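**Student:** Need a 3D model of the following:
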Amino acid sequence: MNETYVYTVDQNIYINLTNRCSNRCEFCVRYYDKPIYGDLWIKSEPTADEVIAILEKDYDLSKYGEVVFCGYGEPTYRFDAIEKIADYVHSKGAKTRINTNGQANEILGEDISDRIVKSIDTINISLNATDKVKYDKICHSAYGERAFDIMLDFAKKCVNAGGNVVLSVVDVIGEEEIEKAKEIARSVGAKLRVRALL
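**Tutor:** Next up, the predicted model:
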């Protein structure tokens, strides 16, 4: 079976580095009966060099909007690989984005905010809920209710390090929750993106 390490959605290239995740979100596409983007489950995690070789061989980066680190797992588990791939992407004049649960500092046991803002042009953090109880109820993090504060602390540190940080929620949470999410985003200095539920 061929592993899907690189795939495209619309005009963006996506990099799938791991299945590992500290959350088990109820709405995650990895649990759908019919995968939306094909089968992204991987048996082995690619090296940065393997991903770069695929990009060099199969993709003209000038034809795509962004290179996005996002697959079936939480990409920051593979942060060292992300840095190396991002360096390559930037050398080709392309932009990078990461879709993350914002738990990287806890996952890695160190603060990577200064490093991630150097590698990633847009840091998209899934807010998902407006308080720690609601977050834990739908995201089932390995860190329990602490995960919400871990995520917001990471967002704030990335903003303070000069990063372009976007918090995201899905549109089905209702107007009242969206307004609360806007206030949370303002409180950490981030933008808010309201996206459609797939």
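**Student:** State the distance from residue 166 to residue 27.
**Tutor:** Residue 166 sits 18 Å away from residue 27, going by C-beta to C-beta, to the nearest Å. All C-beta spots, glycine's among them, are computed from the backbone N, C-alpha and C.
**Student:** How about residue 128?
**Tutor:** 8 Å.
**Student:** ok so, going back, residue 166 and residue 27: which has the busier surroundings?
**Tutor:** Neighbours were counted for residue 166 and for residue 27 using other C-beta atoms under 10 Å; residue 166 has more, 18 against 14.
**Student:** Just the element for residue 73, please.
**Tutor:** Following DSSP states H and E, there is no helix or strand that holds residue 73.
**Student:** Just the pLDDT for the residue nearest to it when sequence neighbours are not counted.
**Tutor:** Nearest residue to residue 73, sequence neighbours excluded (C-beta to C-beta, 6 or more residues apart in numbering): residue 18, at 3.9 Å. Listed pLDDT for residue 18 reads 96.
**Student:** For residue 18, give me phi and psi.
**Tutor:** Per-residue torsions, residue 18: phi -160, psi 160 (degrees, to the nearest 10).
**Student:** do the same with residue 92
**Tutor:** Per degrees, to the nearest 10, the backbone of residue 92 is at phi -100, psi 0.
**Student:** and the gap between it and residue 14?
**Tutor:** Counting by C-beta to C-beta, the gap from residue 92 to residue 14 is 16 Å.
**Student:** Between these two, which has more neighbouring residues?
**Tutor:** A direct count of neighbours by other C-beta under 10 Å for residue 92 and residue 14 places residue 14 higher, at 22 against 13.
**Student:** Could you list the low-pLDDT ranges of the chain?
**Tutor:** Along the chain, segments meeting pLDDT under 70 span 1, 30-38, 197-198.
**Student:** which stretches of it form helices?
**Tutor:** Residue ranges of the helices in the chain, as given by DSSP state H, are 48-58, 79-91, 104-108, 113-119, 132-139, 146-160, 175-188.
**Student:** Need these in TSV (columns: distance to residue 68 and mean neighbour count).
**Tutor:** Shown next, in TSV, are the helices of the chain (distance: least, C-beta to C-beta, whole Å; neighbours: other C-beta atoms under 10 Å):
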stretch	distance to residue 68	mean neighbour count
helix 48-58	13	15
helix 79-91	10	19
helix 104-108	16	20
helix 113-119	13	18
helix 132-139	20	17
helix 146-160	17	21
helix 175-188	20	15
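**Student:** Nearest to residue 73, out of these?
**Tutor:** Among these, the nearest to residue 73 by C-beta to C-beta is helix 104-108 (10.8 Å).
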